[in-house]
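Student: from the sequence below, what's the structure:
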Amino acid sequence: MPATGVGGRTRAATGEAAESVTELYREHALGLMRLAVVMVGDRATAEDVVQEAFAGLYRRWAKLRDTDRALAYARSAVLNGCRKALRRRRRLPRGEHVPPVWSAESAAMVGVERREVLAGLERLPARQREALVLRFFCEMSEEEIAAAMRVSRGTVKSTTSRALAALGRMLEEEAR
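Tutor: Below is the predicted model:
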């Protein structure tokens, strides 16, 4: 009988999961962190979201139908974690809104125009913000975005178009 490890899985399966998830983490954690920071606005929450996404990936590794799609799973988990974090913020009593916190180092490195764009992104509805961040920040294709957001390709196109128009209007108003 094979020796069992975490959750009743064999040590070999546990080792494969650990090795695969570790490699995926090394290659993609930074990009997913950037995605999460843009989505939630603060580094600590972004780190928590990304760590939980990778922990979930590890726990569910044996149940993945296609391990080649593990990165897509991790992206979806990060987006879902960001949504959850933003919902928790909205549940704060009125008057206690906690705006996103940018570190002094981050603020100094980001130019004025980029800060304006990021501020505009924060004001967009969540789905529109996600579509723009995935398209232009993560440089994902429409098909990849559709998979990450779990929507159709047409929804990605229309959402991106509406988001760009809304962001353009916001930036135009600020320039006046």
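Student: mind listing what's buried along the helix or strand encompassing A85?
Tutor: If you go by DSSP states H and E, A85 is part of helix 70-90. For helix 70-90, a neighbour-count test (16 or more other Cβ atoms under 10 Å) marks 70-71, 73-83, 85-86, 89 as buried. C-beta coordinates here come from the backbone N, C-alpha and C atoms, glycine included.
Student: also stretch 50-66?
Tutor: Counting neighbours by 16+ other Cβ under 10 Å, stretch 50-66 gives 50, 52-54, 56-58, 61-62 as buried.
Student: secondary structure added to those residues, as CSV?
Tutor: Formatted as CSV, the buried residues of stretch 50-66 follow (DSSP: H, G, I helix; E, B strand; the rest coil):
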residue, secondary structure
V50, helix
E52, helix
A53, helix
F54, helix
G56, helix
L57, helix
Y58, helix
W61, helix
A62, helix
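Student: model confidence over stretch 148-158, on average?
Tutor: Mean pLDDT, stretch 148-158: 93.
Student: with just CA atoms, put it into PDB.
Tutor: The C-alpha coordinates for stretch 148-158 follow below in PDB (Å, rounded to 0.1, in the frame of the first residue of the first chain):
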ATOM      1  CA  ALA A 148     -10.300  34.100 -16.700                       C
ATOM      2  CA  MET A 149     -13.500  36.100 -16.200                       C
ATOM      3  CA  ARG A 150     -15.700  33.100 -17.100                       C
ATOM      4  CA  VAL A 151     -17.700  35.100 -19.700                       C
ATOM      5  CA  SER A 152     -18.000  34.900 -23.400                       C
ATOM      6  CA  ARG A 153     -15.600  36.500 -25.900                       C
ATOM      7  CA  GLY A 154     -18.300  38.900 -27.000                       C
ATOM      8  CA  THR A 155     -18.800  40.000 -23.400                       C
ATOM      9  CA  VAL A 156     -15.100  40.700 -23.100                       C
ATOM     10  CA  LYS A 157     -15.200  42.800 -26.300                       C
ATOM     11  CA  SER A 158     -18.300  44.900 -25.200                       C
END
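Student: buried residues, it. List them.
Tutor: Buried residues in stretch 148-158 (16+ other Cβ under 10 Å): 148-149, 151, 155-156.
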